[in-house]
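**Q** With the sequence up front, the predicted model follows.
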Amino acid sequence: MALSLNSGSRRIVLRTYLLLTLLNIVHVAQAQQCFVGGWSLRYPGSCPQDAKRECGSAADLQLRCCPDSLGCVGDASFEGNYCCPNGTDCQQPSYDHPKCPDESWTLWGQNDTVGDRLDKGGWCCKDGFKGVYRAVATTANYFCTATTVSSLEPSFYWASTINTTPCLTSATSTGISTTTSSGAATPTGEGGGDGDSGGMSGGAIAGATIGGVAGVALIGAGVFFLVRRSRRPRVDVATAVIHG
């Protein structure tokens, strides 16, 4: 039997359709913001197994590392600041939609970063490390130190974590993750190179996906309820007339 809708039900269905279309457009726009790559990793000593590509460093400072599947991008003192697919330059996307090339890493910026905009540059640290930077004249050196470090020498500052842009594509590596602990009061290594301050984790993505599916399901249930309610037969209430 064909479903017959009155004008009120048709308006509800139309509005719901338009809402779902708008949500889909937003989802597509967000997906277009995704890119493979991001800010490079700082690591004391040699680069770890899940970021084996060495991107260089200034003298006596921490290495900049990228996953083996990505290349090192950046000129002069910014060499290796970005990890990008070979033959491409993802420097601008790294500023526009900041993230690490491996979603298990944490992105850091200077502690005066506003609105997660990395106007002064950013860097990534592995689990078990936190970001620290050293002010050098008009620029800064970036590096990662063990989470066990609780105090810093003068001119060193704790960095701030940066909210990353959720992305459905990432260049994660299956290499072994290692963590180094240190009880020293000073950083385990000095990060980045001179001029470092250049101009969705998996859980977040999963949560957003589940939330979106749940939202669509709730909207569908609401439409079904309203349509069903609008099709109920009306009950005419008779007015009783009392005769004396």
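**A** Yes, it's here.

**Q** so what are the domain limits for this protein?
**A** The record assigns the chain these domain ranges, following automatic domain parsing: 1-32+201-244, 35-199.

**Q** and the closest residue to residue 104 other than its chain neighbours, what helix or strand is that in?
**A** Here the nearest residue to residue 104 in space, its sequence neighbours aside, is residue 127; by Cβ to Cβ, 6 or more residues apart in numbering that works out to 6.3 Å. Placement of C-beta: from N, CA and C, glycine included. Using DSSP states H and E, residue 127 sits in no helix or strand.

**Q** got it, and residue 84?
**A** Taking DSSP H and E as the definition, one finds residue 84 inside strand 82-85.

**Q** So what touches that strand?
**A** Strand 82-85 is touched from outside by 36-41, 53, 55, 66-67, 69-74, 89-91, 94, 101, 171, with contacts defined as Cβ atoms under 8 Å, 6 or more residues apart in numbering.

**Q** where among the domains of the chain is the average confidence lowest?
**A** The stretch with the lowest average pLDDT out of these is domain 1-32+201-244, scoring a mean of 51.

**Q** circling back to that earlier point, report the strands that pair with the strand holding residue 84, each with its relative direction.
**A** The sheet places strand 82-85 alongside strand 38-39 (antiparallel), strand 70-73 (antiparallel), with pairing taken from DSSP bridges.

**Q** What's the local residue count around residue 98?
**A** Neighbourhood size, residue 98 [other Cβ atoms under 10 Å]: 21.

**Q** Nearest residue to it in space, please, no chain neighbours.
**A** residue 118 (5.3 Å).

**Q** ok, that neighbour touching residue 100?
**A** No - counting by Cβ atoms under 8 Å, residue 100 is not a contact partner of residue 118; they are 11.9 Å apart.

**Q** what about these two, which has more around it?
**A** Legend: neighbour count by other Cβ under 10 Å for residue 118 and residue 100, higher for residue 100 (30 against 21).

**Q** Surely the more buried one is in contact with residue 164?
**A** Yes - counting by Cβ under 8 Å, a contact exists between residue 100 and residue 164, whose distance comes to 6.7 Å.

**Q** what touches both of the two?
**A** With Cβ under 8 Å, 6+ apart applied, the overlap between the contact sets of residue 100 and residue 164 consists of residue 107.

**Q** hang on, the earlier thing: residue contacts, the residue nearest to residue 98?
**A** 39, 94, 95, 98, 109, 162.

**Q** Among those residues, name the ones in strands.
**A** Using DSSP state E, 39, 109 are the members of the contacts of residue 118 that sit in strands.

**Q** CSV for the contacts of residue 118, including distance to residue 47?
**A** Rendered in CSV, the data for those read as follows (distance: Cβ to Cβ, whole Å):
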residue, distance to residue 47
39, 15
94, 19
95, 24
98, 21
109, 22
162, 22
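
**Q** Let me know the closest of the contacts of residue 118 to residue 136.
**A** residue 109 (16.4 Å; Cβ to Cβ).

**Q** returning to what we had before: report the buried members of the contacts of strand 82-85.
**A** With neighbours counted using 16 or more other Cβ atoms under 10 Å, those contain these buried positions: 36-41, 53, 55, 66-67, 69-74, 90-91, 94, 101, 171.

**Q** Kind regards, and thank you for your time.
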